[in-house]
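Asker: Could you look at this predicted model? Sequence included:
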Amino acid sequence: MKYRTRIFYTAEQRALMWDRYQQGDSLNTIARLFDRGHSAVAGVIGRSGGIRPAERKRRESSLTLDEREEISRGIVAGVSIRQIAKSLDRAPSTISREISRNGGLVKYRANKADTKAWENAARPKICKLLSHRALRLTVARKLKRNWSPQQIAGWLKYNHPGDSDRWVSHETIYKTLYIQARGALKKELVSCLRSNRVMRRSRHSTLKRQGLGRIVDAVSISERPAAAEDRAIPG
């Protein structure tokens, strides 16, 4: 039996997976693009419950990698912090803090500083259902009664007009259920959804494009012979 070597998908490959999944392609179809089985793609898509993770972006006020490289070059050249700050149009305190939190003048490295800043900036937003106990219990009760997330969201907005703190969108409910890291709703409540799926399915997903649900070599009724009109010939 031939075993495939393990591969690590690049950001571009993962983006392609999500693009094709959101367009409605099956896991098998996507996996064939990488000469893999569907389980390889399911590991990427299923990690977030079939919901595409939000793209991370840097704040406009954050130091860029180019600026950090300028800081590093300035340190090597013996340029003062104030001169470096002036050349980058930054406050001297910004440059001073940047150098201090990344090893000081002796150990400062631009790439390491940029990677550390990117990792420290990963602060996931607190889920609304996690911080509002009453709202969380209401959603859980409705799910147990086989209400859909859309029905729950509509009911909350109808019964609490003008009080947005007691509203929650159906997308938030789905994300809370499928992305278990949020921890607001119990995993068992996923079975209360009418689809009973373990992953969120794309709204464009269909099996018809793969030939399923179709009659093989079907002949259109418009192409039937004229003799069929008078029903003179059986069959």
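Answerer: Received, thanks.
Asker: Any chance of the backbone angles for residue 47?
Answerer: Main-chain torsions, residue 47, degrees, to the nearest 10: phi -60, psi -30.
Asker: For burial, what's the neighbour tally of residue 103?
Answerer: 13 (other Cβ atoms under 10 Å). Every C-beta, even on glycine, is put in place using the N, C-alpha and C of the backbone.
Asker: contacting residues for it?
Answerer: Contact analysis of residue 103 by Cβ atoms under 8 Å, 6 or more residues apart in numbering lists 109, 112.
Asker: now it: how far from residue 97?
Answerer: Per Cβ to Cβ, to the nearest Å, residue 103 is found 13 Å from residue 97.
Asker: contacting residues for the nearest residue to residue 64 once chain neighbours are set aside?
Answerer: Closest residue to residue 64 apart from its sequence neighbours, by Cβ to Cβ, 6 or more residues apart in numbering: residue 58 at 7.6 Å. By Cβ under 8 Å, 6+ apart, residue 58 lies in contact with 64, 118, 121.
Asker: how about residue 58, secondary structure?
Answerer: Classification of residue 58 by DSSP: H, G, I helix; E, B strand; the rest coil places it in coil.
Asker: Tell me the spacing between it and residue 77.
Answerer: 27 Å.
Asker: Then residue 99?
Answerer: 14 Å.
Asker: Compare the two (neighbour count), which wins?
Answerer: Remark: of residue 99 and residue 77, residue 99 carries more neighbours, 22 against 9, as counted by other Cβ under 10 Å.
Asker: okay but that one is in contact with residue 108, surely?
Answerer: Yes: using Cβ atoms under 8 Å, residue 99 makes contact with residue 108 at a distance of 5.4 Å.
Asker: shared neighbours of these two, anything?
Answerer: By Cβ under 8 Å, 6+ apart, the residues touching both residue 99 and residue 108 are 71, 75.
Asker: Would you map the helices across this protein?
Answerer: 11-22, 27-32, 38-46, 65-77, 81-88, 92-100, 104-107, 110-120, 128-131, 133-144, 149-159, 170-178 (DSSP state H).
Asker: Give me whichever of the ones you listed is most buried.
Answerer: A comparison of these by mean neighbour count, using mean count of other Cβ atoms under 10 Å, puts helix 170-178 on top with a mean of 19.
Asker: Relative to the whole chain's centre, how far out is that helix?
Answerer: 12 Å (Cα atoms, centre = their mean, to the nearest Å).
Asker: Show the pLDDT at the residue nearest to residue 64.
Answerer: Looking at residue 58, its pLDDT is 80.
Asker: Same question for residue 2.
Answerer: 57.
Asker: try the one 5 residues further on
Answerer: On the pLDDT scale, residue 7 is placed at 74.
Asker: since we're on it, how many residues are nearby?
Answerer: By the criterion of other Cβ under 10 Å, residue 7 has 11 neighbours.
Asker: Ramachandran coordinates for the residue nearest to residue 64?
Answerer: Per degrees, to the nearest 10, the backbone of residue 58 is at phi -80, psi 150.
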